[in-house]
Structures are given as C-alpha cells and as structure tokens.
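A.B. asks: Okay, structure incoming, though there's no sequence with it:
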C-alpha cells in the first residue's frame with residue numbers, strides 16, 4: 001500500500017527498509033504501531049467522553065477499532081453514539 005501524502009521516492013525507500021527488516025523486527029514495529037493507534041483512539045474517546053468509566057471506554061475502543069457488531073458480541077450493550 002502506497003502513502004498518498006509521501007513522495008514516490010520516500011515511499012519506495014520506506015518499503016525497501018521494511019523488506020530489509022528481519023521478520024521479528026517487522027512484527028515488533030507492527031505491534032508498536034497497533035499500540036499507538038489504540039492509545040490515540042483511547043485518548044480521543046476520553047476527550048469526548050470525560051465521564052466514561054473504564055468499561056465504557058473499553059466498549060467504545062472496541063467499536064472504534066473493530067466495529068459495532070464485534071463490540072456488541074464482546075460486550076453486549078453498545079452506546080448508540082459509539083463510533
């Protein structure tokens with residue numbers, strides 16, 4: 001997948017660096033990126049719902065990352081305004 005906000009040369013260099021990484025380093029990088037996405041999602045949800053308890057935050061993060069159907073299967077009730 002190419003990045004649309006990056007020059008073709010920088011994009012090619014990025015992908016070349018990824019190809020040269022050993023598999024365990026690529027996995028580690030992917031895990032760090034996934035954790036960063038989760039933390040950003042949680043920070044945004046906390047800012048919009050400052051009174052939410054930990055359970056509500058977990059439900060809202062699940063909706064954001066995995067969709068309403070998955071969150072409903074995991075937690076049952078999902079707030080109507082969860083996105």
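C.D. replies: Now that the structure is in, tell me what you want to look at. The shown structure was predicted, so the numbers you read here are calculated from the model rather than taken from an experiment.
A.B. asks: Tell me which residues of the stretch of helix or strand residue 28 belongs to come out buried.
C.D. replies: In this structure, residue 28 sits in helix 23-48 according to DSSP states H and E. Within helix 23-48, the residues scored as buried using 16 or more other Cβ atoms under 10 Å are 41-42, 45. Backbone N, C-alpha and C define where each C-beta goes, glycine included.
A.B. asks: what does stretch 65-75 give?
C.D. replies: Neighbour-count burial for stretch 65-75 [16+ other Cβ under 10 Å]: residue 71.
A.B. asks: Now do that stretch: distance to the chain's middle.
C.D. replies: Stretch 65-75 sits 14 Å away from the centroid of its parent chain (Cα atoms, centre = their mean, to the nearest Å).
A.B. asks: With residue 76 as the reference, measure out to the residue nearest in space to the middle of the chain.
C.D. replies: In the chain, the residue lying closest to the centroid (Cα atoms, centre = their mean) is residue 37, at 3.4 Å. Using Cβ to Cβ, to the nearest Å, residue 37 is found at 25 Å from residue 76.
A.B. asks: returning to that earlier point: which residues touch the residue nearest to the residue nearest to the centre of the chain when sequence neighbours are not counted?
C.D. replies: Distances taken as Cβ to Cβ, 6 or more residues apart in numbering put residue 65 closest to residue 37, at 7.5 Å, once the chain neighbours are dropped. Going by Cβ atoms under 8 Å, 6 or more residues apart in numbering, residue 65 touches 37-38, 41.
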